[in-house]
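> missing the sequence, but the structure's below:
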């Protein structure tokens, strides 16, 4: 019987950081998927769950392609095999099959962890490995990509599904495709989202169990089941499980992040997949493509019409991108801000009210030193919205209260 693990040694604890970094790199890998390796592991999962080998195996370029493509291809197989049960019951069956696979792999491994590794050790590993990987991989990439997939069900993957389904099932696919079920499938395609599990973005699970096995020395026959998950994590993007179809997604070809690990693309996509499907983010905030790639076209009217407060803030930050006066300063200047106060000693305080958001308040100051051109350069400083006078605002920029800030000589 495997020995229960009740504590970690100092040497094992010292490997937390190394193990975390290793699995973050696996989870955010941009290497091309090894579809053969992933397919072998996935088919073994079907066997463990006592499910038949799926009729169709799709290799798709993105999670979006795998989600929608899996649903569409499954509907092709459903019609060609003469299955006439309602689509809703078929979707429920698919979700059930994904749950069966989860119960045969993840649930059984979790059960053995609980019985053979003390809660104290498990909590240590979860805190220092699982959660750290999850913040970087699942917290950013998986959740953002999943949200994007859910909101973007359109015809982009038809070509990939069409070619692969026709090659595996025959030319009769075309006649069925348009004459029998296009509208029905389209209205339920989102249901495929419930079938996802496994792949690179489940790296925190792989980090946790592999640490217990490889560092803490946990041994158990159930680890053979975990190794199937490990294979999927290390070989592909995401996997969608269907009763007659399963779809494997490639990894991204590029993942761009800022210094804090948030998805970010300064002038292009934050996440790019090999089929062209991409996402755009500004310091972790998902935004439309034009906000990043055509920021020069952002207008005051576009900003004022944007209902999403986070997107609107990004649009303001990127307003007149690349110009000397840009961002909130340029916006409040061009949008017709209200002049709250003017003081020759401290500058001019401006305010612009924003619907359903806090107002923008900016302090306009003039450099006392003349430029070589003879002009006096102006600067715009954003200050808290509760500021009401230029004196108060300039004092805040120096970390002082209004009554404590009264310079007599300016240098």
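That came through, no problem. Worth saying up front: this structure is predicted, and the values here are computed from it rather than measured. Residues are numbered from 1 along each chain as shown.
> please parse the chain into its domains.
The chain breaks down into these domains under automatic domain parsing: 10-255, 289-335, 337-411.
> just how off-centre is the lengthiest strand in the chain within its chain?
For the chain, the longest strand by residue count, based on DSSP state E, is strand 360-370. In terms of Cα atoms, centre = their mean, to the nearest Å, the centre of strand 360-370 is set 39 Å apart from its chain centre.
> please apply the same query to stretch 374-384.
Distance of stretch 374-384 from its chain centroid, counting by Cα atoms, centre = their mean, is 37 Å.
> and for stretch 316-333?
27 Å.
> can you list the residues that contact that stretch?
By Cβ atoms under 8 Å, 6 or more residues apart in numbering, the residues outside stretch 316-333 that reach it are 282, 291-292, 295-296, 298, 300, 303, 334, 350-352, 360, 362, 364, 378, 380, 382. In this view, the C-beta of every residue, glycine as well, is placed from N, C-alpha and C.
> how about a cut-off of 7 Å?
Contact with stretch 316-333 is made by 291, 295, 296, 298, 300, 303, 350, 352, 360, 362, 380, 382, as judged by Cβ atoms under 7 Å, 6 or more residues apart in numbering.
> what about that stretch, how long is it end to end?
Using Cα to Cα, to the nearest Å, the end-to-end distance of stretch 316-333 comes to 12 Å.
> heads up, I number from 44, so please use that
All set: I'll call the first residue 44, so the last point we hit is now stretch 359-376.
> so what's the spatially most central residue of the chain up against?
By Cα atoms, centre = their mean, the chain has its centre lying nearest to residue 187, at 2.4 Å. By Cβ under 7 Å, 6+ apart, the residues touching residue 187 are 306, 322, 324, 329.
> same question, residue 400
352, 355.
> any stretches of the chain with poor pLDDT?
The model of the chain has pLDDT under 70 over residues 44-45, 117-141, 193-238, 451-454.
> mind giving me the packing neighbours of the longest strand of the chain?
Of the remaining helices and strands, those touching strand 403-413 by 3 or more Cβ pairs under 7 Å, 6 or more residues apart in numbering; DSSP states H and E are helix 370-377, strand 390-395, strand 419-426, helix 433-440.
> isn't residue 181 right up against residue 249?
No. Taking contacts as Cβ atoms under 7 Å, residue 181 lies outside contact range of residue 249: 11.5 Å.
> just the strands from the protein, written as ranges.
Using DSSP E, the strands of the chain run over 99-103, 239-242, 281-284, 288-292, 295-298, 314-316, 321-322, 324-325, 328-329, 381-386, 390-395, 403-413, 419-426.
> so which of those strands has the densest surroundings on average?
strand 288-292 (a mean of 31; mean count of other Cβ atoms under 10 Å).
> neighbouring strands for that strand, and are they parallel or not?
Using DSSP bridges, the strands paired with strand 288-292 are strand 99-103 (parallel), strand 281-284 (antiparallel).
> hmm, who's touching it?
Residues from elsewhere that reach strand 288-292 (Cβ under 7 Å, 6+ apart): 76, 78, 81-82, 85, 97-103, 105-106, 108-109, 112-113, 116-117, 120, 242, 279-283.
> repeat that for 6 Å
Applying Cβ atoms under 6 Å, 6 or more residues apart in numbering, the contact partners of strand 288-292 are 78, 81, 85, 97, 99, 101-103, 105-106, 109, 112-113, 116-117, 279-283.
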